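Novice: Let's see this in three dimensions:
(2 chains)
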2 protein chains.
Amino acid sequence: MNKVILLNKRPVGKPALSDFKFTLDAIPVPLNGEILLKTIYVSVDPYLRGRMNDSKSYIPSFEIGKPLQSGMIAEVIDSTHSDFKKGDFVSGILEWKEYQISNGKGLKKVDQNISSLSSYLGILGMTGLTAYLGLIEIGAPKSGETIVVSGAAGAVGSIVGQIGKILGCNVVGITGTDEKAQLLKSKFNFDYAVNYKTTKDLNKAIHDACPKGVDIYFDNVGGEISDAVLANINKYARLPLCGTISHYNDTKIPLGPRIQPILLTKSAMMKGFIVGDFSAKFPETINQLAHWLRDGKLTYTETIVYGFENIPQAFLDLFEGKNQGKMIVKI
Amino acid sequence: MNKVILLNKRPVGKPALSDFKFTLDAIPVPLNGEILLKTIYVSVDPYLRGRMNDSKSYIPSFEIGKPLQSGMIAEVIDSTHSDFKKGDFVSGILEWKEYQISNGKGLKKVDQNISSLSSYLGILGMTGLTAYLGLIEIGAPKSGETIVVSGAAGAVGSIVGQIGKILGCNVVGITGTDEKAQLLKSKFNFDYAVNYKTTKDLNKAIHDACPKGVDIYFDNVGGEISDAVLANINKYARLPLCGTISHYNDTKIPLGPRIQPILLTKSAMMKGFIVGDFSAKFPETINQLAHWLRDGKLTYTETIVYGFENIPQAFLDLFEGKNQGKMIVKI
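Specialist: Presented below is the predicted three-dimensional model:
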């Protein structure tokens, strides 16, 4: 039989296991150019929370009673498609099913001789593209500048910091445990890490960590952490806005200090983005990331959870910061 | 004798006449390359409020007991400088004095045969440069897009709207009286004007005025007006942030709905600026504005107040929206 995870109901605020529903289907048979895929790895990402709402966003909402979707790696186990053969591995946005049919559209073959299969969901996938393109295209870092990254030990944040270092910047990460703060420095080459949960005066901690001020703030979280960083930005600062995980479970529009007076005084620029805004640059970016990875200039970490049944819990754990780097479920 | 206006004390919140002090000086004598200037026109501008605070901003604070400064037009009445002769008119950032000495640095000669002297403080001065460069360099308007301008009947706003129309955009202005709303349409070519003071649901009013959504929001005011516009922005919207007059007199950091979730969902860009950020483009911009002015494609309005004694009150009136277009004091 074929296990499937459906959206059971739309969460209000923080999602719960009861928002998901497990069901069983038959394993489908590929016909007329279709392929049969067996799921190997499932990516769970904070942005999926937005798709659980019934509201207009940059990508369509999940439908109640239908399977959820995310980035996945799958193995071709049967094929009637001329471009795919049994034994191929592919990445793509697929449904949360053990087995599924595809017509091949949107799928990309991946080669585990070049890099691990899971890395195509992370550093060589959406995660790496998001980190690189947000930092380069919006942040426009120059050697010697200071970059602050929030959610720094997360999948995107840990790559942003490393790219910043490759480009000759000073990089400060904000994270939520001492263990992650240590990892940022020891593994990911950050110059400085701030644990926002144990720091009494975050504004001052960032000030101390950035004696020359903040030129680029790569924001994955929003909320009070971002307020503290904004208080320390330099003239002409650039603020790529990649995520607002602190607000994804809010049921009301959150209130906070207005930021327009700061952006005005500093001639600063804040820009939201999703990685698809830069799709024309995907091929060259993947090449660059693969090159740095091969040369040992980039590394990554994954939190791997095992078992199809654990996909919803792995997703929920993102909002508790239980992941280090990319959160992936291995089936 | 020579009348002078000094900063008497730093305002807390809304400025008052008691924050200014009148004094009398001798009329100075120009020596060794200096010129003696007689003040003709004094520009009063919202941004001067920031210079009255003792805080770091993009330009230095005024000092207590020292003369205030702003953009001014003056006549050369005596000269020992080879570049300036008696009878020349100049524009520059000068002190609030009837007569003053200058070494000529930062002064620009202006020609009343080309345009009225006061226009060099407005449409052919900082005001026009601010409107044009903020709209073009940050807003990057394309024909057919929708531009919303707050503070639309102000000096900058009324020029932004006209440039938007020249470029083929739909232009909606937000202002605070029915008289100004009428003027936006009849004189400044706006497609639509919203009186925020008499509109019960500003969010809906902007939605109705912008059926295709807001592509560019040129913000002069901040606060709740901007909240309502932000609720109506399109994907990839650009938001030049020129002023936050609604907050200039705040004594605490104002609270409001956080805007990061909107900027993120819309891949939108907000950028603060001051006109000096684009100083390399001043000459070509002034040429363009003068060209449009000569061709009758641009017009402007001024609120002229008479008498040196009335400079402080004219400045205070800006925060009550008593001006239409550029507020200028004629001495």
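Novice: Show me the helices in the stretch 51-200 of chain A, by range?
Specialist: A:126-133, A:155-166, A:178-186 (DSSP state H, counting those that start in this stretch).
Novice: how about the residues of the stretch 151-300 of chain A near chain B?
Specialist: With the criterion set to C-beta under 8 Å from any C-beta of the partner chain, the stretch 151-300 of chain A comes near chain B through A:219, A:222-223, A:226, A:235-236, A:241-244, A:247, A:253-274, A:277. All C-beta atoms are positioned from the backbone trio N, CA, C, and that covers glycine.
Novice: picking up where we left off before, would you list the helices of the stretch 51-200 of chain A in CSV and tack on distance to residue B:179, mean pLDDT and mean neighbour count?
Specialist: Shown next, in CSV, are the helices of the stretch 51-200 of chain A (distance: least, C-beta to C-beta, whole Å; pLDDT from 0 to 100; neighbours: other C-beta atoms under 10 Å in any protein chain shown):
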stretch, distance to residue B:179, mean pLDDT, mean neighbour count
helix A:126-133, 48, 96, 26
helix A:155-166, 51, 97, 27
helix A:178-186, 59, 96, 18
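Novice: List the contacts of the closest residue to residue A:310 other than its chain neighbours.
Specialist: Leaving aside its sequence neighbours, residue A:310 sits nearest to residue A:329 (C-beta to C-beta, 6 or more residues apart in numbering or on different chains; 6.0 Å). By C-beta atoms under 8 Å, 6 or more residues apart in numbering or on different chains, the contact set of residue A:329 is A:41, A:42, A:44, A:304, A:305, A:306, A:307, A:308, A:310, A:311, A:314.
Novice: coming back round to it: wait, which of the helices of the stretch 51-200 of chain A is closest to residue B:199?
Specialist: helix A:126-133 (39.7 Å; C-beta to C-beta).
Novice: now the angle from that closest one to helix A:155-166?
Specialist: Using axes from the mean of the first three to the mean of the last three C-alpha atoms, to 10 degrees, the inter-axis angle of helix A:126-133 relative to helix A:155-166 is 40 degrees.
Novice: ok, back up a step: just the buried ones from the residues of the stretch 151-300 of chain A next to chain B?
Specialist: Buried members of those, scored by 16 or more other C-beta atoms under 10 Å in any protein chain shown, are A:219, A:222-223, A:226, A:241-244, A:247, A:256-274, A:277.
Novice: burial count for residue A:144?
Specialist: 11 (other C-beta atoms under 10 Å in any protein chain shown).
Novice: picking up where we left off before, inside strands: which ones of the residues of the stretch 151-300 of chain A next to chain B?
Specialist: Counting by DSSP state E, the part of those found in strands is A:235, A:236, A:241, A:255, A:256, A:257, A:269, A:270, A:271, A:272.
Novice: How about the first one: what's its closest non-neighbour residue?
Specialist: Same thing as residue A:235. residue A:266 (5.3 Å).
Novice: again with the second one
Specialist: Nearest-residue entry for residue A:236: residue A:267, 5.4 Å, with adjacent residues in sequence omitted and distances by C-beta to C-beta, 6+ apart.
Novice: So the one you found versus residue B:270, what's the distance?
Specialist: 12 Å (C-beta to C-beta, to the nearest Å).
Novice: Then residue A:108?
Specialist: 34 Å.
Novice: and if you look at residue A:115?
Specialist: Residue A:115 is 37 Å from residue B:270, by C-beta to C-beta.
Novice: Does anything pack onto the one helix or strand residue A:239 maps to? Which helices or strands?
Specialist: Assessed by DSSP states H and E, residue A:239 sits inside strand A:233-241. Packing partners of strand A:233-241 (3 or more C-beta pairs under 8 Å, 6 or more residues apart in numbering or on different chains; DSSP states H and E): strand A:214-218, strand A:269-272, helix B:260-265.
Novice: Tabulate these (CSV), appending distance to residue A:150 and mean pLDDT.
Specialist: Output for the helices and strands packed on strand A:233-241, formatted as CSV (distance: least, C-beta to C-beta, whole Å; pLDDT from 0 to 100):
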stretch, distance to residue A:150, mean pLDDT
strand A:214-218, 7, 98
strand A:269-272, 13, 98
helix B:260-265, 11, 94
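Novice: Show me the one of those that comes nearest residue B:133.
Specialist: Of all the helices and strands packed on strand A:233-241, strand A:269-272 comes closest under C-beta to C-beta, at 14.7 Å.
Novice: contacts for the closest one?
Specialist: A:138, A:236-241, A:259, A:263, B:260, B:262-272.
Novice: May I have that strand exported as PDB, CA atoms only?
Specialist: Below are the C-alpha coordinates for strand A:269-272, written out as PDB (Å, rounded to 0.1, in the frame of the first residue of the first chain):
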ATOM      1  CA  MET A 269      16.900  49.200   1.600                       C
ATOM      2  CA  MET A 270      14.800  46.300   2.700                       C
ATOM      3  CA  LYS A 271      13.600  43.800   0.000                       C
ATOM      4  CA  GLY A 272      11.500  40.700   0.400                       C
END
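Novice: Can you name every helix or strand that the helix or strand that that strand is followed by contacts?
Specialist: Heading C-terminal from strand A:269-272, the first helix or strand you meet, by DSSP H and E, is helix A:282-294. Helix A:282-294 sits against helix A:126-133, with contacts defined as 3+ C-beta pairs under 8 Å, 6+ apart.
Novice: Are there helices or strands packed against the helix it packs on, and which ones?
Specialist: Using 3+ C-beta pairs under 8 Å, 6+ apart: helix A:126-133 touches helix A:155-166, helix A:282-294.
Novice: next one: that helix to chain centre, how far?
Specialist: Centroid separation between helix A:126-133 and its chain, computed with C-alpha atoms, centre = their mean, to the nearest Å, is 8 Å.
Novice: Please list the residues outside that helix that contact it.
Specialist: A:43, A:45, A:71, A:121-122, A:155-157, A:159-160, A:163, A:242, A:273-275, A:277-278, A:281-282, A:285-286, A:288-289, A:326.
Novice: mind redoing it with 7 Å?
Specialist: A:71, A:122, A:155-156, A:159-160, A:163, A:242, A:275, A:278, A:281-282, A:285, A:288-289, A:326 (C-beta atoms under 7 Å, 6 or more residues apart in numbering or on different chains).
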